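Peer 1: Sequence and predicted structure below; questions after.
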Amino acid sequence: MPDDEKDLTCPHCDGRLSKWKTPLASTWGTEYQYVCFNDECPYYVRGWKWMREKYNVRASYRFRYDPTTGEKGPLPVWSPDAMKDKTIEGDEEE
């Protein structure tokens with residue numbers, strides 16, 4: 001990972017973002033993105049209530065950053081462990 005990406009942090013909790021492999025079936029068109037997997041992040045914690053109130057669903061979202069496009073936004077999740085299995089350690093591309 002380039003040096004400028006080593007210190008990426010979540011703007012909601014200042015936690016370190018994890019490199020995350022974009023699912024093949026997604027429309028993002030990038031190999032990987034960076035995601036905040038901090039279960040105490042206020043953005044993620046608030047998301048459960050917001051999604052319940054607005055859409056009546058049991059879901060939340062995590063902060064996501066696409067280094068290719070610079071886009072920042074939510075990564076929908078349906079459980080605390082959802083999407084965590086797609087994290088990439090170091091420069092591993094599996």
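Peer 2: Thanks, I have it.
Peer 1: rest of the way, CA atoms for contacts and neighbours
Peer 2: Noted.
Peer 1: got a list of what residue 39 touches?
Peer 2: Residue 39 sits next to 45, 80 when contact means Cα atoms under 8 Å, 6 or more residues apart in numbering.
Peer 1: pLDDT below threshold where in this structure?
Peer 2: Within the chain, the stretches with pLDDT under 70 are 1-7, 90-94.
Peer 1: all strands for it, in order.
Peer 2: 18-21, 32-35, 60-65, 72-77 (DSSP state E).
Peer 1: okay if I get those strands as TSV plus distance to residue 84 and mean neighbour count?
Peer 2: Below are the strands of the chain laid out as TSV (distance: least, Cα to Cα, whole Å; neighbours: other Cα atoms under 10 Å):
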stretch	distance to residue 84	mean neighbour count
strand 18-21	8	24
strand 32-35	9	24
strand 60-65	11	23
strand 72-77	10	15
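Peer 1: now for the ones you listed, which one comes closest to residue 43?
Peer 2: Closest to residue 43 of those, according to Cα to Cα: strand 60-65, at 6.8 Å.
Peer 1: Okay, angle between the closest one and strand 72-77 too, please.
Peer 2: Inter-element angle recorded for strand 60-65 and strand 72-77: 140 degrees (by axes from the mean of the first three to the mean of the last three Cα atoms, to 10 degrees).
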